[in-house]
Every structure is written in structure tokens, then in C-alpha cells.
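[1] Would you be able to build a 3D model of this:
(chains A and B)
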Amino acid sequence: MSILDILADNLRQGVVTLRYPQRVPPPPNYRGLVQIQSEECVGCASCAYVCVSAAIQVTDQPETYTWSYDPGKCTFCGRCVDACPTHALQMQEERPPIYHQAQKLAVTYRMAYPRCEGCGKPFKVATEILRQRAYGELSEQTEQLLRLCPTCRQKEALKLMIEARRVKEATQ
Amino acid sequence: MSSWFALLVFPGFLYALPMGWLMLWVERKTLARLQSRIGPPFYQPLFDFIKLMTKEPLPRPSQENRFYLFLPLLALGATLGALTLLPVLPHSFSLVGDLALFIALIEIAPICLVLLGFLSRSIFGQVGAVREAVLTIASNLPFIAALIALAYASGSLRLMDIALHAPPLARGLAVLAIFACLPIKLRLNPFSVANAEQEIYQGALTELDGWRLGLWELNHAVEWVALSGLTVSLALPWRSGLAVLDAAIFALLSLAVVFLLACLAGATARLKVGQASRFYWRWGFGFALLALAVSFFPFGG
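    Modelled structure (predicted):
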């Protein structure tokens, strides 16, 4: 096809660009705004670690942590989504809204660490997905242990071991 | 009419500024339509100019600053001066030998551009400056040869005499040769080698910012008016004598030249510097030689 044919086609076809604020619909698998499902998040901050433009930041407090995201800084590379071990992050498949103010789309989530069922102290818990990936199917007893903080879990596990040994000795 | 009218009103400052911006717009709009885009609104070049002039430029050493102000202003002044000499209105201001003055003035802007490129101490600026220098020489060969052919054929060095009295065959060939030089002088595709945006970041303009770039862009707009105006005024042997009508015809035909150049730019891709200069040495100069031959040995005339 010669350039003249292409130009003639272009002239025949007319204008294909849209006038602002009309927009072309996004293609499939479009990488839009990053969204978090806070119940899946464990506060590991892998997303903030891999974020090249520092659009995601995770700050740690004793009982809570905050996850903040500024789309104005985001390059929509999707590395945070890949790095998230619990699949808590996703990218919207639609275009971000048009905005005129800096920080307008920025979001901050403050999330509390779950509390230990034994002592009540906040601690970083392993979610269902992580537990399954690490241990496969778990017994009810192990599930219960994982809802405790590391200190209580050690104590409880020790108690269980002593109990098991006692039962073993009694049966012999 | 006085030289002040020619310099400040028509075809000088008052006409050249809006016309230059209009020409920049016609070029951009035509290109956009050829590429199925909407293109900018007609006031966009003016807004671009205002934006550039009001931007805070990067701080530079004072010596460099002086040159960055001086060179674009010199180029702008010279191009406006060249514009003043265009033989548009039959009773307008003209000088004996204004053809030589016109050539001298219209060549000042490319020289300023080469100097700006070397001054920038940027590798892109220097490459752009070298390319601009090579191509200026290559394009001036047919450009000046065609003007000499016209001058010889009409027996005068006065632009108005040339415009009114050049014989048709020599005029046709020479105007074609001059038209062929316009893409390189206006740095348009396929000869936009010196200011290639993608390869060398606008070449010699790479370090220009804010009002420095604004002044240069203004000069570029005036260059459009001067060079398309030269082609039109030399191509047209007839003047109505009515100033407004002559000016209107001149403006419309100038815009048509801009449209043609934009179509050419839209239909071609950028050549290499060697290819571009070879084109002018071979074909441009060939045309101009033909014009020279015709003017020296007028067939049937």
C-alpha cells in the first residue's frame, strides 16, 4: 500500500481521535488504578518494596498499619499486583477518572492487626491463602495455633507436645 | 509607500505575526487531517507562544544568556527585514539590488541556528548545527542559482522588476527550484534532518527553553511567511494595483503553498542527511541549472 493510498484512506475515514473528555474504551487486561481488598492484606509491604515510583507506601504502627496509594505517582507497571502474596491487590480494568486536583484519587487504608486469641496482643497473621500455600490442608488444631501470636503459639505448642508425650507414656 | 509601512504593517510585522501563526496552524491542521487526527484549534500557535514567553527559563551563565537573547532576536529581525522586501504591492518600497539584500537577510536565521547549536555544548545541539550547516549549503545552491537565473532573465536585481518582468519559462523553472528548497529551509519532512525530534531532540534547538524558544518559534513563523511569500510573489507576474486585493491574493496563495508543503511533509518520511543533501545537489541544482540555461539562452524568447 503506497503512502498516497494510506493518506486517501485517512481522509475518507475522517477523524478518529475523540474530543476531550470522551475516551476510547480500554483494551482487555488494561492496567488501571490499583485496588486493595483490605481483608486479604497481611501488611507485609511487599507492594511498597517493589513499587518503583513510591506510589504505594506502607507504614507500621504498634497496633495498626496504613496502606496508602497515590495514582498520581503510579506508573501502572503492575509489579505490586505480581508481588502481593495474598492476591489482595488488583488493577481496575477501566480508565482512571479525569481529575484536576493533585492527590484527588489518593487513598489511605488504616488496618488493625488481628489480635491474638490467647493474650490479646496485635500480631501479623498469615491469611488463608498463605497458610494453604505453606502447609497445604491443615488440621483444626493447627488452624487454632495459627490464630495465636508467636509467643502464645510457642507456649501452646509446648503444652500440646507435653500432653502428647504424657498420653504416649500412659499408653505404653 | 514608505519603508516603515512595509516593515511594520504589510508585509512586515502586523501582517507577518498573525499570518505566521495561521500558517503554523494550517501546517499542523493539515498534517493532523492526513493522519486522521482532529488537530489543534486555530489559536493554538498564539497560545503556545504566550505560554513559552511566560515560562520561567533555566538559569544560565550570563554570557550564554546574552547569546540566547541576541541570536533569536537577530534571526527574527533579519527575517522580518527580508519579509519587508517582498515584491507584493506594485508601488511598495523597493531598493535597487534588494534581491541580494533579501538573500543575505533570509540566510541569517540558519546561521543563527548553527551558532545556537554550537553554543549549546550539547551533543544533540552540535549534531543539529552540523546538519543545518550542511543542508543550508546544499539547499542554497539551487535557491541562489534559481534567483540568479530570474535576475538574469529579467535583467534586474530589483525583486519587483523580477516579479513583474521575468519570462515565463525561466520563471516557472526557477520558482519550482525555489519551491523545492522550501522544505529544507522550513525544516519540514522529508528534509527535517537538522531538527529531527526523535533522533536528536530538535537538534540545535535542544537547549532552548522558555522565552528563548518562544522567540525562536516566532522567527520560525515569520520564516514561513517570508519564504512562502517569496515563492508566491515571484510566481505571480500580475498585480491588480489595488493594494487590498493584491495583499489578499498574496495571503491566500501563501496559505496554499503552506498547504502543499504540509501535504508533502505528511506524505514523506525523514531522509538521512546524506540523502537530503544529495537530493539538492543533484535534482535541486539540476532544476536551477536548467532555469539558468533557459535564462541565458532564451528559447523562442
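
[2] Could I get the average pLDDT for the longest helix anywhere in chain A?
    In chain A, ranked by residue count with DSSP state H as the criterion, the top helix is helix A:150-171. For helix A:150-171, the mean per-residue pLDDT is 91.

[3] And it, what's buried?
    Across helix A:150-171, burial judged by 16 or more other CB atoms under 10 Å in any protein chain shown covers A:152, A:153, A:156. Glycine gets a C-beta too; all of them are placed from N, C-alpha and C.

[4] and of those, the nearest to residue B:280?
    Set against residue B:280, the nearest of those by CB to CB is residue A:153 (83.1 Å).

[5] Can you verify my assumption that that closest one contacts residue A:146?
    Yes: with contacts defined as CB atoms under 8 Å, residue A:153 counts as touching residue A:146 at a distance of 7.4 Å.

[6] Tell me who's in contact with whichever residue of chain B sits closest to chain A.
    For chain B and chain A, the shortest gap (CB to the nearest CB) falls at residue B:36, measuring 4.5 Å. Residues near residue B:36 by CB atoms under 8 Å, 6 or more residues apart in numbering or on different chains: A:10, A:13, A:14, A:15, A:16, A:17.

[7] Show me what the helix or strand of chain A with the lowest mean pLDDT is packed up against.
    Least confident helix or strand, chain A: helix A:128-135 with a mean of 80, by mean pLDDT, DSSP states H and E. Under the contact criterion of 3 or more CB pairs under 8 Å, 6 or more residues apart in numbering or on different chains; DSSP states H and E, helix A:128-135 touches helix A:140-146.

[8] The helix it packs on - contacts with which helices or strands?
    Partner elements for helix A:140-146 (3+ CB pairs under 8 Å, 6+ apart): helix A:128-135, helix A:150-171.

[9] With just CA atoms, put it into CSV.
    Extracted in CSV, the C-alpha atoms of helix A:140-146 (Å, rounded to 0.1, in the frame of the first residue of the first chain):
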residue,chain,number,x,y,z
GLU,A,140,-8.3,-27.9,63.2
GLN,A,141,-5.7,-27.9,65.9
THR,A,142,-3.0,-26.2,63.7
GLU,A,143,-5.5,-23.7,62.5
GLN,A,144,-6.2,-22.8,66.1
LEU,A,145,-2.4,-22.4,66.7
LEU,A,146,-2.0,-20.1,63.8
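
[10] one step back: of the buried residues of helix A:150-171, closest to residue A:43?
    Nearest to residue A:43 among those is residue A:153, at 18.3 Å by CB to CB.

[11] now stretch B:159-169: mean pLDDT?
    Across stretch B:159-169, pLDDT averages out at 88.

[12] in that stretch, what counts as buried?
    B:159, B:160, B:161, B:162, B:163, B:164, B:166, B:167, B:169.

[13] So what's the residue count around the nearest residue to residue B:67 once chain neighbours are set aside?
    Excluding the flanking residues, the one nearest residue B:67 by CB to CB, 6 or more residues apart in numbering or on different chains is residue B:119, at 5.5 Å. The number of residues packed near residue B:119 is 19, by other CB atoms under 10 Å in any protein chain shown.

[14] Now do the same contact list for residue B:119.
    Applying CB under 8 Å, 6+ apart to residue B:119 gives the contacts B:64, B:67, B:68, B:71, B:125, B:207.

[15] which one of those is nearest residue B:249?
    Set against residue B:249, the nearest of the contacts of residue B:119 by CB to CB is residue B:71 (34.7 Å).

[16] Could you check which helix or strand contains the closest one?
    Using DSSP states H and E, residue B:71 sits within helix B:62-84.

[17] List the buried residues for that helix?
    Buried-residue list, helix B:62-84, by 16+ other CB under 10 Å: B:67-68, B:71-76, B:78-84.

[18] With stretch A:88-97 instead?
    Quick answer for stretch A:88-97 (16+ other CB under 10 Å): A:88, A:89, A:91.

[19] Which helix or which strand is home to the closest residue to residue B:211 other than its chain neighbours?
    Nearest in space to residue B:211, with sequence neighbours left out and distances taken as CB to CB, 6+ apart, is residue B:53 at 4.9 Å. Assigned by DSSP H and E, residue B:53 belongs to helix B:44-54.

[20] Need the contact partners of that helix.
    So helix B:44-54 is contacted by B:20-22, B:24-25, B:28, B:210-211, B:213-214, B:217-218, B:221 (CB under 8 Å, 6+ apart).

[21] In these, find the pair that's most separated.
    Taking CB to CB as the measure, those span a maximum distance of 23.9 Å, between B:22 and B:210.

[22] In three-state terms, how would residue 86 be classified?
    No chain in the question, so chain A it is. When classified by DSSP: H, G, I helix; E, B strand; the rest coil, residue A:86 comes out as coil.

[23] Let me rephrase: I mean chain B.
    coil.

[24] Quick one: residues contacting residue B:79.
    For residue B:79, the contacting residues are B:105, B:106, B:108, B:109, B:219, B:222, B:223, B:226, by CB under 8 Å, 6+ apart.

[25] Please disregard the earlier target; I meant residue B:12.
    B:5, B:6, B:80, B:83, B:84.

[26] Ok, residue B:100 next?
    Listed by CB under 8 Å, 6+ apart, the contact set of residue B:100 reads residue B:157.

[27] Surely residue B:195 touches residue B:128?
    Yes: using CB under 8 Å, residue B:195 is in contact with residue B:128, at 6.4 Å.

[28] list residues touching both of these two?
    What both residue B:195 and residue B:128 touch, as defined by CB under 8 Å, 6+ apart, is the set B:202, B:203, B:204, B:205.

[29] Leaving out sequence neighbours, find the closest residue to the third one.
    Think residue B:204. The shortest distance from residue B:204 to any non-neighbouring residue, by CB to CB, 6+ apart, is to residue B:117 (2.9 Å).

[30] Please identify the helix or strand for that neighbour.
    Going by DSSP H and E, residue B:117 is in helix B:108-119.

[31] The helix or strand following that helix vs helix B:108-119, what angle?
    The helix or strand immediately downstream of helix B:108-119 is helix B:123-154, counting by DSSP H and E. Angle, helix B:123-154 to helix B:108-119, by axes from the mean of the first three to the mean of the last three CA atoms, to 10 degrees: 160 degrees.
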